[in-house]
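**Q** need a 3D model of the sequence below.
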Amino acid sequence: MKTITVRQFFRSPANVTALDPGQSLLVTDQGQPSFIVTKAPNRPRKTIEDLEREARYVSPKSVPKVNFTEALRELKGR
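**A** Residues are numbered from 1 along each chain as shown. As a prediction, this is how the structure comes out:
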């Protein structure tokens, strides 16, 4: 875990963007720990199978091919 002062934190926000996903940064104020910043992990990418499964759940009338526009219209009630 990296440690920086509050002044460094506010003057150089690039310190946070330089962190790896899941890595933390301890910000101190007058030598005392003030707060911890943790960079969020990367979101997992959905596969085409996941998207099709979700679309079938939303619109079970569509069989093999999923029409996402139609599924959204059914959700909106049009």
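**Q** how close does the closest residue to residue 71 other than its chain neighbours get to residue 53?
**A** Nearest non-adjacent residue to residue 71, counting by C-beta to C-beta, 6 or more residues apart in numbering: residue 59, 3.7 Å away. (Glycine included, C-beta is placed from N, CA and C.) Distance of residue 59 to residue 53, computed by C-beta to C-beta, to the nearest Å: 12 Å.
**Q** could you check which of the two is surrounded by more residues?
**A** residue 59 (17 against 13; other C-beta atoms under 10 Å).
**Q** number of nearby residues for residue 27?
**A** 20.
**Q** is it in a bridge, and if so with what?
**A** residue 4, residue 35 (DSSP bridges).
**Q** how about it, what does it touch?
**A** Applying C-beta atoms under 8 Å, 6 or more residues apart in numbering, we find residue 27 in contact with 3, 4, 5, 6, 9, 33, 34, 35, 36, 37.
**Q** now these as CSV including pLDDT, distance to residue 19 and neighbour count?
**A** Output for the contacts of residue 27, formatted as CSV (pLDDT from 0 to 100; distance: C-beta to C-beta, whole Å; neighbours: other C-beta atoms under 10 Å):
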residue, pLDDT, distance to residue 19, neighbour count
3, 92, 13, 12
4, 93, 11, 17
5, 94, 16, 14
6, 93, 17, 13
9, 92, 12, 19
33, 94, 17, 10
34, 94, 17, 13
35, 94, 14, 11
36, 95, 11, 11
37, 93, 8, 15
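**Q** could you single out the nearest of those residues to residue 71?
**A** Closest to residue 71 out of those is residue 37 (38.6 Å), distances taken as C-beta to C-beta.
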